[in-house]
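>>> Next one to model:
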Amino acid sequence: VNCLMMLGFTGAHQQTNLCNESLMLEKLPVCGKSFEEMMKKVDSAKWCNLTEFITYYDNFTQCTEREANNASCFWPNPLTEGFITGIHKQFFSNCTSKKVQWEDPPDEILITLILIPVMLTCAMITLVVWCSKRSDIL
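I've put the predicted structure just below:
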């Protein structure tokens, strides 16, 4: 009896709800439709500037989280991630970052950048050798 009472007091006997994926997939498009309506207020040329629509995107993510939780699903889960990815493809597919093309500096600068450390190294070696031969002064 004590063991059964302890199980009840500690919460070890909790009922777990299973994720209702079909309900969640039924409700997520409502979030997408709402986000789409809000994004119509933003000029499409500004869709890559997060500051223009951050509030709308926050509402969208909160909506997907709420609908996942209402269906007893954790968030994010693979289904909501797939839905969010679809929204990203719809609105932000042209927002890829441009890759930086690295180029060598002009020859004058490159030669200078190479020669300065070489000259300093030679000067330091010369100084150390000269000082080691003149130990009577130090």
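>>> Which strand or helix spans the residue nearest to Glu67 when sequence neighbours are not counted?
Spatial nearest neighbour of Glu67, chain neighbours left out: Lys27 (4.2 Å); criterion: CB to CB, 6 or more residues apart in numbering. Placement of C-beta: from N, CA and C, glycine included. Here Lys27, judged by DSSP states H and E, is contained in helix 21-39.
>>> And Val129, by the same measure?
Here Val129 is assigned to helix 107-133, by DSSP H and E.
>>> who does that helix touch, helix- and strand-wise?
Using 3 or more CB pairs under 8 Å, 6 or more residues apart in numbering; DSSP states H and E as the contact criterion, helix 107-133 has no neighbours among helices and strands.
>>> start at 294 instead
Got it, the first residue is 294 from now on, which makes the last one we talked about helix 400-426.
>>> on that earlier part again, the residue nearest to Glu360: neighbouring residues, count only.
Per other CB atoms under 10 Å, the neighbour tally for Lys320 reads 17.
>>> Would you mind measuring from it to Val335?
Lys320 is 24 Å from Val335, where distance means CB to CB, to the nearest Å.
>>> Ok, Glu358 next?
Distance, Glu358 to Val335, using CB to CB: 22 Å.
>>> likewise Lys426?
Distance from Lys426 to Val335, by CB to CB: 75 Å.
>>> Among those two, which residue is more densely surrounded?
Val335 (14 against 9).
>>> tell me the contacts of the more buried one?
345-346, 349 (CB atoms under 8 Å, 6 or more residues apart in numbering).
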